[in-house]
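Trainee: I'd like to go over a predicted model; first the sequence, then the structure.
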Amino acid sequence: MKRRGLLLVLSSPSGAGKTTLARRLLESDPDISLSVSVTTRAPRPGEVDGRDYYFVDDAKFEQMRERSELIEWANVFDNFYGTPNAPVEAAIADGRDTLFDIDWQGSQQLSEKKKHDVVRVFVLPPTAEVLEQRLRERAQDAEDVVKRRMQKASSEISHWPEYDYVIVNEDFDVALANLQAILSAERLKRERQEGLIGFVRNLQDAL
């Protein structure tokens, strides 16, 4: 039965665990793929161009934005991030699901343009102390960056009412199971099953 692809958005303050949740979801479900964003920030250790991000300079990013090649974009901690348009449109039409690891700014833009295709999930840490601990344990940012991320966390968390679902990531396995349940339920929504009318008619005719 033909199904319209959905766009699953994961957002959270830095350190809440959305990137790890995203990675585990992708590993466990072959029917969803990660949207690869373009960014002007430098690669982190282990990141690969074209797999984790498309790393571009400011001039290239501005060019893509002016040509309307980005379905959403945002400025996060002095770096630009954006999602290329074409792969998203192709995935929806082909019935393939796409995962977005983006912030609230990108989520708003995506929802404005693809309202009926977007499913938004906000990930919260169990406490502020746990959030700071996770930021320090990943050891990817300098001390001043950690402090900036903590200062910005309250502002980011304030956008949680804009999302369809909220997951508190206290126990990772439980959080992952909840995310998988959300995805399964959204795939079964009547309006996404484009072949459902014909299927039901055929079923009724055979009775």
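Mentor: Nice, I can see it.

Trainee: quick check on the most centrally placed residue in the chain: phi, psi?
Mentor: Nearest to the mean C-alpha position of the chain, by Cα atoms, centre = their mean, lies Phe100 at 2.3 Å. In terms of degrees, to the nearest 10, the main-chain angles of Phe100 are phi -120, psi 120.

Trainee: how close does it sit to Glu47?
Mentor: 17 Å (Cβ to Cβ, to the nearest Å). Quick note: C-beta positions are derived from backbone N, CA and C, even for glycine.

Trainee: now do Phe172
Mentor: According to Cβ to Cβ, Phe172 stands 22 Å off from Glu47.

Trainee: now swap in Arg67 and tell me
Mentor: Arg67 is 25 Å from Glu47, where distance means Cβ to Cβ.

Trainee: which residues does Glu17 contact?
Mentor: No, residue 17 isn't Glu; it's Gly. When contacts are counted by Cβ atoms under 8 Å, 6 or more residues apart in numbering, Gly17 touches Val123, Pro125, Arg134, Asn169, Phe172, Ala175.

Trainee: swap in Arg148?
Mentor: Counted by Cβ under 8 Å, 6+ apart, Arg148 has contacts Phe77.

Trainee: please, which helix or strand holds it?
Mentor: Using DSSP states H and E, Arg148 falls within helix 143-157.

Trainee: where's Lys114 relative to Val123, distance?
Mentor: In this view, Lys114 and Val123 are 21 Å apart by Cβ to Cβ.

Trainee: ok, now Ala181?
Mentor: Distance from Ala181 to Val123, by Cβ to Cβ: 14 Å.

Trainee: could you do Asn85 as well?
Mentor: Distance of Asn85 to Val123, given as Cβ to Cβ: 26 Å.

Trainee: so which bits of stretch 144-161 are buried?
Mentor: Across stretch 144-161, burial judged by 16 or more other Cβ atoms under 10 Å covers Val146, Arg149, Met150, Ala153, Glu156, Ile157, His159.

Trainee: wait, isn't the fifth one in contact with Asp103?
Mentor: The one in question is Glu156. Yes - the pair Glu156 and Asp103 passes the contact test of Cβ atoms under 8 Å, sitting 6.9 Å apart.

Trainee: identify the contacts common to these two.
Mentor: By Cβ under 8 Å, 6+ apart, Glu156 and Asp103 have these common neighbours: Ser11.

Trainee: quick one: low-confidence ranges for the chain?
Mentor: Within the chain, the segments meeting pLDDT under 70 span 138-142.

Trainee: just give the closest residue to Leu176, not the sequence neighbours.
Mentor: Of all residues not flanking Leu176 in the chain, Arg24 sits nearest, at 5.4 Å (Cβ to Cβ, 6 or more residues apart in numbering).

Trainee: tell me which residues are up against the one helix or strand that neighbour maps to.
Mentor: Element membership for Arg24, per DSSP H and E: helix 18-28. With Cβ under 8 Å, 6+ apart as the test, helix 18-28 has contacts from 10-12, 32-34, 99, 101, 123, 167, 169, 172, 175-176, 179-180, 183.

Trainee: kindly report the same for stretch 44-51.
Mentor: The contact list for stretch 44-51 (Cβ under 8 Å, 6+ apart) reads Val36, Pro43, Tyr53, Phe55, Gln140.
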